[in-house]
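1. The sequence isn't on hand, but the structure is:
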């Protein structure tokens, strides 16, 4: 799986217009549209994601299920941990990485790790949300959003215009099975995509 993800990241470095699918753990980040980040930013985000995920797995093994999603130096943590101390510690891990993130969104809950069936359902739900967002947008080249789904909560990450973000959130909220939509999308600057970060 890691080789597949590495291949996708490498392919994205060749062109900022290549749609990406990042699949890891239960939460699945599905790109809607194109990735506006510069290749070096994509690589830095991928490295931060991999290092943080490895640290969490090494520390908690099967006692926790935590997914890490990184976009433009913003970190989203989702999943389940055994207690509040673990929730605080994984956030500390994120803030102690060599590449310190600009912000950490710690959305993990204290609970037993989710089942394989729950994770599969979230993956399918994320795919349906992506389809709904694309249908609503009409022009996929104007959308730069990653959809992460965990416990039927949809997180929208990326870079976009306010009107597109709002339309994407509305489309996601109408998908059957979605219980909440959380917008973590940054406002797109007025300028070429290579200005990102």
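-> The structure has been received and is ready for your questions. Quantities reported herein were computed from a predicted structural model and do not represent experimental measurements.

2. Quick check: the gap between residue 43 and residue 98.
-> Using Cβ to Cβ, to the nearest Å, one obtains 14 Å as the distance from residue 43 to residue 98. C-beta: built from backbone N, CA, C; applies to glycine.

3. More neighbours: those two, which one.
-> Neighbours were tallied for residue 43 and for residue 98 using other Cβ atoms under 10 Å; the higher tally belongs to residue 43 (15 against 7).

4. Residue 77 versus that one, what's the distance?
-> 21 Å.

5. got it, and residue 67?
-> Distance of residue 67 to residue 77, computed by Cβ to Cβ: 7 Å.

6. now the strands for this protein?
-> Using DSSP state E, the strands of the chain run over 21-23, 28-33, 65-71, 74-81, 103-106, 109-110, 144-150, 153-160, 180-187.

7. residue boundaries of the helices in this structure?
-> For the chain, applying DSSP state H gives helices covering 2-14, 39-60, 84-95, 116-137, 162-173.

8. Could you export these as a markdown table, including mean pLDDT?
-> Output for the helices of the chain, formatted as a markdown table (pLDDT from 0 to 100):
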| stretch | mean pLDDT |
| --- | --- |
| helix 2-14 | 39 |
| helix 39-60 | 95 |
| helix 84-95 | 97 |
| helix 116-137 | 93 |
| helix 162-173 | 92 |
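
9. closest to residue 182 out of the ones you listed?
-> With Cβ to Cβ as the criterion, residue 182 lies closest to helix 162-173 of these, at 8.8 Å.

10. Name the nearest residue to the residue nearest the centre of the chain, sequence neighbours excluded.
-> The chain has residue 69 as the residue nearest its centroid, 3.9 Å off, counting by Cα atoms, centre = their mean. Excluding the flanking residues, the one nearest residue 69 by Cβ to Cβ, 6 or more residues apart in numbering is residue 76, at 4.3 Å.

11. Verify the stated contact: that neighbour with residue 153.
-> No - with contact defined as Cβ atoms under 8 Å, residue 76 does not count as touching residue 153 (11.0 Å).

12. Mind checking which of the two has more residues around it?
-> Neighbour count, other Cβ under 10 Å: between residue 76 and residue 153, residue 76 has more, with 27 against 18.

13. Tell me what the more buried one is bridged to.
-> residue 69, residue 105 (DSSP bridges).

14. what's residue 136 in contact with, if anything?
-> Neighbour list for residue 136: 167, 168, 170, 171 [criterion: Cβ atoms under 8 Å, 6 or more residues apart in numbering].

15. biggest separation within those residues, which pair?
-> So, these by Cβ to Cβ: farthest apart are 168 and 170, at 7.4 Å.

16. sorry, back to before: any shared contact partners between residue 76 and residue 153?
-> With Cβ under 8 Å, 6+ apart, residue 76 and residue 153 have common neighbours residue 107.

17. Between residue 168 and residue 170, tell me which one has more neighbours.
-> Using other Cβ under 10 Å, the more surrounded residue of residue 168 and residue 170 is residue 168, with 29 against 13.
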